[in-house]
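>>> Need coordinates for the following:
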Amino acid sequence: MNFWHMQLHPDNLSWGRERRVLEETSYIGIGVWEDPDEDKIQEYKFAKQMKIGDIVAIKRGGTIIALTKVVGDYKFEKNINQDLDWFQRRRKVEILDWYNKAYDYYIAPTAALTRCDMASNNSAPTNNSIKKWYEKVMSDSDINEVINLLKYKHQVILQGPPGTGKTRLAKLVAERIIQPENKGTPDQIIDDLIQSFDADSTETEFEREKCQQLLSGFHNTFPREKLKDLTLESYCIGTGENNSFCWWIERGLQSLGYYFPGSSLSYKIYWSKAKDIYSKHGFVEDIENDDLAMKMIAETLHDLVNNHNTAQAFERFGNSFVLKVLQSYYPEVYFPINSETAIDNALKLLQGYDESLSLLDKNKKLTEIYLDKKKQFNIEITKNEFARIIWDNFDLKSGQDLTQSNEVKAQGKYEIIQFHPAYTYEDFVRGIVASSDEGNISYHVENKKLAEIAQEACDNPNGNYVLIIDEINRANLPSVLGELIYTLEYRGESIQTMYEHNNSRNIKLPKNLYIIGTMNTADRSVGHIDYAIRRRFAFYNVLPNVNVVKNEQAKRLYNEVMELFDNTYLSADFDANDVRIGHSYFIASDKNMSDEDFIIELRQKLNYEIKPILYEYIKDGILLDSAKDIVGNLHV
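Residues are numbered from 1 along each chain as shown. From the prediction side, this is the model:
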C-alpha cells in the first residue's frame, strides 16, 4: 500500500468543486498535460504506480479536503463533464474521511500528483500527516464498528492472536461510549415517552391487572382497620417468610412504588437470624418486652393510616417508610415515589420544585403534574406508569441528570477486570463473604463487579456503562455467568440468583450496560466458549496490521515473522489468523522515542518476547520443527 497526495481541480485554484466530485461520482483523476513528456510521467504514476488499496489525500493547494482509498482500476474516459468530473484519467475511490481543521495536519501545497516516499523520508511533515490521518481513520473505523455491534448485541468479544491491541481497542470503545452527552430537556424527553406509551397494549393491561391484584392481596392481608392487631410474626421481616407486612412494603408492592430501606433498622423491629432474636431499634430500642414493642409499632401505624397522624409517624419511622405506607393504602392520593431526595429531583426535572413545600405537599405536587400531563396528551396512563417513566429514564437518586441549562446530561463510566482459571460466579456476580467483628465471624452476601455496575447503570439510565473483561475465555464462562446467561439476551428483565442480597434474589442487566470481552485465539489451554454463550456475543476479529508499523527495520522483521505462518511452516491444524503474533511487538512503547532507542527496544522485544513465543509455538506444534532455524536467524 502506498500513500499519495493530489490536486483534483483543473487549472483553476479557485474551482472549489472537489467535494462535489467525490460525493457525486466517487472518482479521482488527472487530465491530459500539454507537455507530452510531463503527460507521460503523470499518466505512468496514476495508471501504473497507483494500485487498488492505495491511500490518496485530496487537496486544493494547501487546503486539505479528504482522505480516500483507491478501489477501482485505471480507466480513460473520453466523454467527460467539464463542469464536474473534468478529467479523462480516473479511478474509483472510497471516501475514508473529510478533513477537519482540528486534525492540524500538513500537506505540501505543490505538485499535482505525488507518491509519498515512506521508505527514506517517513518523518517528512506531509508523509507523517497522511499516515497519521490514515491510522486515525482505521482506528476510528474499528471503534465505530465495535460500537455498532454493541448497540445491536450489547456484548462483544474482541478476538485475535497476541499483541494485536484487543484491550487497547476495548478501552477506546469504552471511552467513546461513556462520553457525556446532552439528551435534551426533561420536558421534551418525558413528553416524547408519554406520547409513545402504548396504553392499550396487552402487556400494559396485564401489568395493570397484576398491580391491582397485588394491592388487593395486601389490603386483604393487612386491612387498615386491623393494623393495631399486627403481631411480631405478621409484621417482621427476616424470618424467611414472604408474607409479612414489612416484606410487602419492601418487596411485594415494589411494582407500585420502589422502597428500599437500606437496612431492616428502618422497620424498628425485625428478626435477626445471626443473633436468633427480634432486633429492636429507634423508639422501641429500650423496651425489653418484644410484644410490647410490637404493640407500640402497630398502634403508630394504625394511627397513621386511619387518623393520618403523620407527625408522630415521621418522627418514629422516617419519611420514606411513612410515605410508602400511605401510598400503599391511598394510591389515589399519594404519588408512588417515597424518597424525599427522589421527590425533589423528580420535581426539579418537571420544573415543579418548591423548597417551601412540605414533604407531603411535594409528593402531592407530583400527582398534580401527572394529572396535567395526562390531560395534555389525552392518554390513559396510570400514576404508576408515569412514575415508572421517570424512574427508568432519570437518575432520581443522585439528581445528576440536569445541567445548569436544564438539559439532561448523560455521563457513564467503564471498568476493567481480568478473568483467570480460578474465577467463579461468587467473584463476578454475587457471593458470600466472611467478616470478623471483635473475634466473631459472620457471613453476608455481597454484590460483585457485574452486579455492582449493573445497579449503577440501573440508577443512571441516561448514562452508558461498559464492563471490559480481559482474557474472558480464561475462566469457565458457563460456571462464572450462571443464570446471568439469560439476562445477557433479555436485557431489562430480572432473574433470580442463588444468593439473596438486601432481601432480594433479583438481578437485572439494563440496556445501558455493555460488556466487552477480549480473547487470545492462540491460547488453547483455556476454557471453551460453548454455543449457548457464543450465541449471546458478537465476535470481532482484531488481527495484525503492518500499516501501523512505522520503522523500516521493524517492518522488515514483521514481514519475516509473518512468513513463518504460511503453509510451509504452519501446522495444518491451525489457522494463521488465530496464531500470528501482532503488530504491538513491532512498534515503540513510547511514540516520542528516538529511532536509535527504538532499535534497542526492538532487539529486546525480539530476544525476550517474540522469539520465546515462536519457540513455544514450535514446542506446542503450532509451527513445524523446520521453523526453528528461521526463528534462530531472526535479527535486527
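
>>> Now the element after the lengthiest helix in the chain, going C-ward?
Using DSSP state H, we find that the single longest helix of the chain is helix 125-153. For helix 125-153, the following helix or strand on the C-terminal side (DSSP states H and E) is strand 155-160.

>>> So in that sheet, which strands flank that following strand, and in what orientation?
strand 513-520 (parallel), strand 538-541 (parallel) (DSSP bridges).

>>> Following the chain past the last one, name the next helix or strand.
The one in question is strand 538-541. By DSSP H and E, the next helix or strand past strand 538-541 is helix 552-563.

>>> Pull out the buried positions in the helix or strand following that next one.
Using DSSP H and E, the helix or strand that follows helix 552-563 in sequence is helix 576-579. Buried positions in helix 576-579, judged by neighbour count with 16 or more other Cβ atoms under 10 Å: Ala576, Asp578, Val579. Every C-beta, even on glycine, is put in place using the N, C-alpha and C of the backbone.

>>> what's in contact with helix 576-579?
Contacts to helix 576-579, defined as Cβ atoms under 8 Å, 6 or more residues apart in numbering, come from residues Gly160, Pro161, Thr521, Ala522, Asn541, Leu543, Phe565, Asp566, Leu570, Tyr617, Ile622.

>>> Can you tell me who the fifth one pairs with across the strands?
Think Asn541. For Asn541, the beta-bridge partners are Gln159 (DSSP bridges).

>>> Mind putting the buried residues of helix 576-579 into TSV with distance to Ser356 and pLDDT?
Formatted as TSV, those follow (distance: Cβ to Cβ, whole Å; pLDDT from 0 to 100):
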residue	distance to Ser356	pLDDT
Ala576	73	94
Asp578	68	92
Val579	71	94
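
>>> got CSV for these, with distance to Gly165 too?
Converted to CSV, the buried residues of helix 576-579 look like this (distance: Cβ to Cβ, whole Å):
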residue, distance to Gly165
Ala576, 18
Asp578, 16
Val579, 16
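
>>> Quickly name whichever of those residues is closest to Gly16.
Closest approach between these and Gly16, by Cβ to Cβ: Ala576, at 47.6 Å.

>>> Identify, out of the strands paired with strand 155-160, the most deeply packed stretch.
Stretch with highest mean neighbour count among these: strand 513-520 (a mean of 24; mean count of other Cβ atoms under 10 Å).

>>> After that strand, which helix or strand is next?
helix 531-534.

>>> Give the buried residues for that following helix.
Buried residues in helix 531-534, counted by 16+ other Cβ under 10 Å: Ile533.

>>> Also stretch 304-319?
Using 16+ other Cβ under 10 Å as the test for burial, stretch 304-319 gives Leu304, Val305, Thr310, Ala313, Phe314, Arg316, Phe317, Gly318, Asn319.

>>> What's the end-to-end length of it?
Start to finish, the residues bounding stretch 304-319 are 12 Å apart (Cα to Cα, to the nearest Å).

>>> How about residues contacting that stretch?
By Cβ under 8 Å, 6+ apart, the residues outside stretch 304-319 that reach it are 224-225, 227, 266, 268, 282-283, 300-301, 303, 322, 325-326, 329, 338-340, 359-360.

>>> switch the cut-off to 7 Å
For stretch 304-319, contacts defined as Cβ atoms under 7 Å, 6 or more residues apart in numbering pick out 224-225, 227, 266, 268, 282-283, 300, 303, 322, 325, 329, 340, 359-360.

>>> Next: stretch 552-564.
By Cβ under 7 Å, 6+ apart, the list of residues contacting stretch 552-564 from outside reads 119, 546, 549, 580-581, 583, 586-587, 599, 602, 606, 610, 614, 623, 627, 630, 634, 636.

>>> Export it to PDB, keeping only CA atoms.
Output of stretch 552-564 as PDB, limited to C-alpha atoms (Å, rounded to 0.1, in the frame of the first residue of the first chain):
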ATOM      1  CA  GLU A 552      11.500   0.200   8.300                       C
ATOM      2  CA  GLN A 553      13.700  -2.300  10.300                       C
ATOM      3  CA  ALA A 554      10.700  -3.200  12.400                       C
ATOM      4  CA  LYS A 555       8.600  -3.600   9.200                       C
ATOM      5  CA  ARG A 556      11.300  -5.900   7.700                       C
ATOM      6  CA  LEU A 557      11.300  -8.000  10.900                       C
ATOM      7  CA  TYR A 558       7.500  -8.100  11.000                       C
ATOM      8  CA  ASN A 559       7.300  -9.400   7.400                       C
ATOM      9  CA  GLU A 560      10.000 -12.100   8.200                       C
ATOM     10  CA  VAL A 561       8.000 -13.300  11.200                       C
ATOM     11  CA  MET A 562       4.800 -13.300   9.200                       C
ATOM     12  CA  GLU A 563       6.400 -15.600   6.600                       C
ATOM     13  CA  LEU A 564       6.600 -18.300   9.300                       C
END
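
>>> Next, the buried residues of that stretch.
Neighbour counts over stretch 552-564 (16+ other Cβ under 10 Å) mark Gln553, Ala554, Lys555, Leu557, Tyr558, Val561, Leu564 as buried.

>>> could I get those as JSON lines with pLDDT and distance to Lys153?
As requested, those are arranged in JSON lines below (pLDDT from 0 to 100; distance: Cβ to Cβ, whole Å):
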{"residue": "Gln553", "pLDDT": "93", "distance to Lys153": "41"}
{"residue": "Ala554", "pLDDT": "94", "distance to Lys153": "36"}
{"residue": "Lys555", "pLDDT": "92", "distance to Lys153": "36"}
{"residue": "Leu557", "pLDDT": "96", "distance to Lys153": "37"}
{"residue": "Tyr558", "pLDDT": "95", "distance to Lys153": "33"}
{"residue": "Val561", "pLDDT": "96", "distance to Lys153": "34"}
{"residue": "Leu564", "pLDDT": "95", "distance to Lys153": "35"}
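
>>> related to what we said a few turns ago, and of the buried residues of helix 576-579, the nearest to Ile515?
Looking across these and measuring by Cβ to Cβ, the closest to Ile515 is Asp578, at 22.6 Å.

>>> With Asn476 as the reference, measure out to the closest one.
21 Å (Cβ to Cβ, to the nearest Å).

>>> Poorly predicted segments of the protein, please.
For the chain, the stretches with pLDDT under 70 are 119-120, 122, 399-409, 437-439, 503, 524-528.

>>> Helix, strand, or coil at the closest residue to Ser436 other than its chain neighbours?
Nearest residue to Ser436, sequence neighbours excluded (Cβ to Cβ, 6 or more residues apart in numbering): Ser442, at 7.8 Å. Secondary structure for Ser442, judged by DSSP: H, G, I helix; E, B strand; the rest coil, is strand.

>>> picking that back up, could you pick out the buried ones from the contacts of stretch 552-564?
Those of the contacts of stretch 552-564 that meet the buried threshold are 549, 580-581, 583, 586-587, 599, 602, 606, 610, 614, 623, 627, 630, 636, by 16+ other Cβ under 10 Å.
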